[in-house]
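J.: what follows is a predicted protein model with its sequence.
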Amino acid sequence: MRDLTKSDWYWKEAMKLAYQNGYREFAMTLNPFPGAVDHAIRLAKTARDTGFDIINVTTVGRKVLLEWVEDEGWNDTSDPAIYELLSMIDILSISIDEHRADSIEDMVYQISTIAEAIRERSKLRPHFILNINLLWTPAVFGWVRNFNNGNCDNDCWTEDCLNCWLKEVSTSDGYYDRLRIQHLILKPLSLYQSEEWFWQNYQWVVNNRPHIKIHGDGHQIIGDAPLNNLLGINECPGKNMLDIDPMGFVRKCPENPIAHDGSDIAKLEELVRNPSFSCGDKCNCITG
């Protein structure tokens, strides 16, 4: 499968094409396989040379960042490549759900540990942001609703760890200025037990865990953009986005179910310049 992925030449030309058509943020995924960090550095350099204002890298805490924080104290000699990459990017996005954490306590531990390490780093770009992509699977909803309130290392014994920690974040008076929380919902909603189940649990979090701010607060905590589009809160994020997977298939956003062949630059250019290549007024990923 790795042999089918596009070359660095393709990505360089794709970046040029995107930049010429008004895109100013370049985002990529960093998966934990050998050589991935070095490849990400090459792509980040190309994006910066092309002129992109923002470079956003999405990865996971465990296998990529957390072990270095715990074992090495996150010093510049523990893994020079990761520090070179961190010094080049503007947004580091960490994805987390029950597949990447063992419990709500472990989830908060990972997020807070990485956030603390980032806060203490000096060799970062001036407006660097640590963005946490929190995916609300049925298991995560269950963790929040069924929290065993004796296991969390904080003073909030009547609420769950996540709610307590986000309360601390929102009242920290600048301590966590580099941190953002991005709530993500499964798409389509039929992936939950039922749409009714989803809305009942979503509303429960809104009503009973106010510091989680699952719908977003317009500042440090961001609600799921397609869901908020469905609710009429914001426009479809696909209007300002172009997602190209490693094999050159193109979507208006990573969660759009419709993929187009952009496996060579001529095909990609046709898609980029086509004004009808859009999700429409409503996000079609959320409804299926």
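T.: Received the coordinates, thanks. Numbers count the residues shown, from 1 in each chain.
J.: secondary structure element for residue 107?
T.: helix 104-119 (DSSP states H and E).
J.: what of residue 207?
T.: helix 195-208.
J.: flag every buried residue along that helix.
T.: 198, 201-202, 205 (16 or more other CB atoms under 10 Å). Heads up, the C-betas are built off the backbone N, CA and C, glycines and all.
J.: hmm, back to that, report all helices and strands that the helix holding residue 107 contacts.
T.: helix 66-72, strand 91-96, strand 129-136, helix 138-145, helix 161-170, strand 179-185 (3 or more CB pairs under 8 Å, 6 or more residues apart in numbering; DSSP states H and E).
J.: how about it: buried residues?
T.: So helix 104-119, judged by 16+ other CB under 10 Å, has buried residues 104-115, 117-118.
J.: what's the answer for stretch 251-268, then?
T.: 251-256, 260, 262-263, 265, 268.
J.: can you give the contact residues for it?
T.: 6, 10, 13-14, 17, 187, 226, 236-239, 241-245, 247-250, 271, 277-279, 283-285, 288 (CB atoms under 8 Å, 6 or more residues apart in numbering).
J.: which of those are buried, as a PyMOL select command?
T.: Buried members of these, defined by 16+ other CB under 10 Å, are picked up in PyMOL with:
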select buried, resi 6+10+13+14+17+187+226+236+237+238+241+242+244+248+250+271+277+279+283+284+285
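J.: right, and the helix or strand after the helix holding residue 207?
T.: strand 221-222.
J.: run through who's touching that next one.
T.: Contacts for strand 221-222 (CB under 8 Å, 6+ apart): 166, 170, 180-183, 212-213, 216.
J.: now that strand, how far from the centre of its chain.
T.: 11 Å (CA atoms, centre = their mean, to the nearest Å).
J.: next one: the helix or strand just after that strand to chain centre, how far?
T.: Going down the chain from strand 221-222, the next helix or strand is helix 225-230, by DSSP H and E. Helix 225-230 has its C-alpha centroid displaced from the chain centroid by 16 Å (CA atoms, centre = their mean).
J.: what helices or strands is helix 225-230 leaning on?
T.: Looks like helix 225-230 contacts helix 284-287 (3+ CB pairs under 8 Å, 6+ apart).
J.: what residues does the helix it packs on touch?
T.: Contacts of helix 284-287 (CB under 8 Å, 6+ apart): 185, 187-189, 226-227, 229-230, 253, 255-258, 279.
J.: what do you get if the cut-off is 7 Å, keeping everything else the same?
T.: 187-189, 226-227, 230, 255-257 (CB atoms under 7 Å, 6 or more residues apart in numbering).
J.: can I get it in CSV? Just the C-alpha atoms.
T.: Extracted in CSV, the C-alpha atoms of helix 284-287 (Å, rounded to 0.1, in the frame of the first residue of the first chain):
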residue,chain,number,x,y,z
ASN,A,284,-23.2,15.8,3.6
CYS,A,285,-20.9,13.8,5.9
ILE,A,286,-23.1,14.3,8.9
THR,A,287,-26.3,13.0,7.4
